[in-house]
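*Asks:* Whatever this is, show me its structure:
(one chain, ligands or ions: 1)
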Amino acid sequence: MEEGAAKVPLPDAFVQFLEANGIDPSIYTAIDSTPRFIRLKPGSEACVEELEAELNCKLQKLQWLPAFYSLPPHVQIAASRAYRDAKIYGIDAASGAAVMALNISPGDHVLDLCAAPGAKLCMVLDLLGDSGSVTGVDVARHRLAACRTMLQKYTLGDRCRLFVADGTAFSVIPSSLLSDRESCVFGLEERLDVFKEWTARRPWKERKRVNKSGIAQLVSRSQPPELIYYGQHSGVVGLTKEELYKTLSDNEIANHGYDKVLVDAECTHDGSVKHIQKFEHWGWRTLQRRVLDAERTDDLHTLQLNLLTNGFRLLKVGGSLVYSTCSLTVAQNEDVVEQFLKENGTAELTEIDAARNWPCKGGCIPKTWRFDPSTSQTSGLFVAKFTKVVI
Ligand SMILES: C[S@@+](CC[C@H](N)C(=O)[O-])C[C@H]1O[C@@H](n2cnc3c(N)ncnc32)[C@H](O)[C@@H]1O
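*Replies:* Just a heads-up that it's a prediction; the model follows:
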């Protein structure tokens with residue numbers, strides 16, 4: 001049997017799950033010819049030839065996605081010099097498309113509500129360059145810590161802050177008055193109890209508290225957000241705790257909310273052929289528990305709707321939100337979109353201009369898009385975009 005194809009027949013329960021959701025089972029058992037993708041860090045164009053020589057393969061530039069290249073599926077990039085030197089990222093092209101759908105503009109304040117491990121967050125930061133800010137939120141502490149490591153590797157942390165928090169209840173607004181705040185940084189010594197420059201070393205008191213309580217990897221809805229990283233120009237330095245965690249009414253958020261929000265929601269990951277194939281090693285029973293269990297899929301539907309609703313609440317009027325999942329099921333995509341639109345009168349499903357050139361299919365609702373591995377030659381992904389309007 002060829003490498004990249006599932007080596008045993010898929011378990012009945014999974015086949016039934018796929019059939020119930022109109023997903024073609026052959027995408028998991030066919031030989032996986034889906035290429036790998038890399039994204040170049042801005043300014044690293046010169047490394048392409050060097051990388052081709054080192055990996056002994058040709059990199060194909062994607063015409064529909066700037067700075068992305070495809071490689072043959074078997075090629076490993078992790079040991080390459082360009083990867084170690086933080087000149088390239090391993091990120092699927094469909095993920096890159098979801099970020100492009102945000103239409104990031106200079107100065108945007110962006111919220112990434114399910115940020116870890118951070119491939120999309122890094123792309124947003126690269127697109128923003130020397131302006132705006134990014135707030136990354138994730139419920140899983142260890143995953144968000146990995147995201148922080150990635151920011152440090154790619155030296156992208158300056159305008160970013162990371163919160164371990166439940167995205168369905170998160171309500172920290174953007175620190176958008178960066179220029180005003182920079183002026184008050186000069187008077188830092190006079191302001192007591194303000195955030196100073198971030199340091200990896202936790203104060204003794206905090207270390208003691210963490211050691212005593214033992215630290216849970218997942219936070220609950222009722223726990224306050226925990227700031228695990230902030231950069232010098234993320235708007236945090238110079239603020240008091242009260243200022244940072246100040247909450248606004250929905251009316252105030254209409255003016256002071258985020259310009260862009262990404263909700264790359266938790267899902268069953270069935271669109272990722274590589275992920276599903278891993279269950280051959282983890283055991284198909286684990287798949288039953290993690291992917292197929294009805295209770296879990298119902299809970300997921302509620303979680304996705306709540307993440308989308310809260311992300312949209314934090315958006316300013318005129319701002320846009322991209323909802324994506326790496327599931328191909330209608331329940332986690334179009335059904336969530338439909339229910340969300342029913343409940344949110346200020347949400348308008350929006351055309352994604354770039355999608356005209358994407359190698360993907362329309363979803364079951366107009367203006368939504370599906371990267372389907374067999375046609376797009378990418379990992380599976382659903383993408384929808386909303387704008388907040390005034391009514
Ligand atoms: C599909 S992954 C996100 C991938 C990420 N956007 C990237 O590009 O690397 C979904 C993430 O949602 C997080 N998550 C699950 N429930 C959450 C919640 N209630 N609030 C915030 N994040 C949550 C998971 O921990 C996981 O890291």
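
*Asks:* make it CA atoms for all contacts and neighbour counts henceforth
*Replies:* Will do.

*Asks:* can you pull out the strands in this structure?
*Replies:* Counting by DSSP state E, the segments of the chain that form strands are 36-40, 60-61, 68-71, 88-90, 109-112, 133-138, 160-164, 226-230, 258-264, 315-325, 347-349, 361-362, 369-371, 381-388.

*Asks:* Can you say which of those is nearest to R191?
*Replies:* Comparing those against R191 with CA to CA, the closest turns out to be strand 226-230 (18.9 Å).

*Asks:* Can you mark which positions in that closest one are buried?
*Replies:* Judged by neighbour count (16 or more other CA atoms under 10 Å), strand 226-230 contains these buried residues: I228, Y229, Y230.

*Asks:* what's the closest of the residues you listed to the ligand?
*Replies:* Sorting those by distance to the ligand puts I228 at the head of the list, at 14.3 Å, by CA to the nearest ligand atom.

*Asks:* From what I see, the closest one and L162 are in contact.
*Replies:* Yes - I228 is within contact range of L162, at 5.7 Å (criterion: CA atoms under 8 Å).

*Asks:* Write out the residues of the stretch 1-150 of the chain neighbouring the ligand.
*Replies:* Residues of the stretch 1-150 of the chain found near the ligand (CA under 6 Å from any ligand atom) are L113, C114, A115, A116, P117, G118, A119, K120, V137, D138, V139, A140.

*Asks:* show me what contacts the second one?
*Replies:* For C114, the set of contacting residues under the criterion of CA atoms under 8 Å, 6 or more residues apart in numbering consists of G136, V137, D138, V139, G167, L262, V263, D264, A265, E266.

*Asks:* What is the burial count for the second one?
*Replies:* Translated: V137. For V137, the neighbour count with other CA atoms under 10 Å is 25.

*Asks:* residues contacting it?
*Replies:* With contacts defined as CA under 8 Å, 6+ apart, the neighbours of V137 are 111-116, 144, 162-167.

*Asks:* for the contacts of C114, which one is nearest V336?
*Replies:* Minimum distance to V336 across these is 11.1 Å, recorded for A265 (CA to CA).

*Asks:* Touching, that closest one and Q332? I think so.
*Replies:* No - between A265 and Q332 no contact is recorded; they are 9.3 Å apart, counting by CA under 8 Å.

*Asks:* Quick check: neighbours shared by these two?
*Replies:* With CA under 8 Å, 6+ apart, A265 and Q332 have common neighbours Q304, T325.

*Asks:* neighbour-wise, which of these two wins?
*Replies:* In this comparison of A265 against Q332, neighbours counted by other CA under 10 Å, the higher total goes to Q332 at 26 against 22.

*Asks:* now the residue lying closest to that one once chain neighbours are set aside: how far from the ligand?
*Replies:* Across the structure, with CA to CA, 6 or more residues apart in numbering as the measure, the residue nearest Q332 apart from its sequence neighbours is H301 (5.8 Å). Going from H301 to the ligand by CA to the nearest ligand atom, to the nearest Å gives 11 Å.

*Asks:* Isn't H301 up against E334?
*Replies:* No - H301 is not in contact with E334 according to CA under 8 Å; the separation is 11.0 Å.

*Asks:* Between the two, which has more neighbouring residues?
*Replies:* Between H301 and E334, E334 has the larger neighbour count (other CA under 10 Å), namely 21 against 18.

*Asks:* interface residues of the stretch 151-300 of the chain facing the ligand?
*Replies:* So far as CA under 6 Å from any ligand atom goes, the stretch 151-300 of the chain lies against the ligand at D166, G167, T168, D264, A265, E266.

*Asks:* Could you report the pLDDT at E351?
*Replies:* The predicted structure scores E351 at 97 on the pLDDT scale.

*Asks:* give me every residue that touches it.
*Replies:* E351 is in contact with K367, K385, counting by CA under 8 Å, 6+ apart.

*Asks:* what's the answer for Y245, then?
*Replies:* Taking CA under 8 Å, 6+ apart as the definition of contact, the neighbours of Y245 are S171, V172, I173.

*Asks:* repeat that with 6 Å
*Replies:* V172 (CA atoms under 6 Å, 6 or more residues apart in numbering).

*Asks:* V261 versus that one, what's the distance?
*Replies:* Per CA to CA, to the nearest Å, Y245 is found 19 Å from V261.
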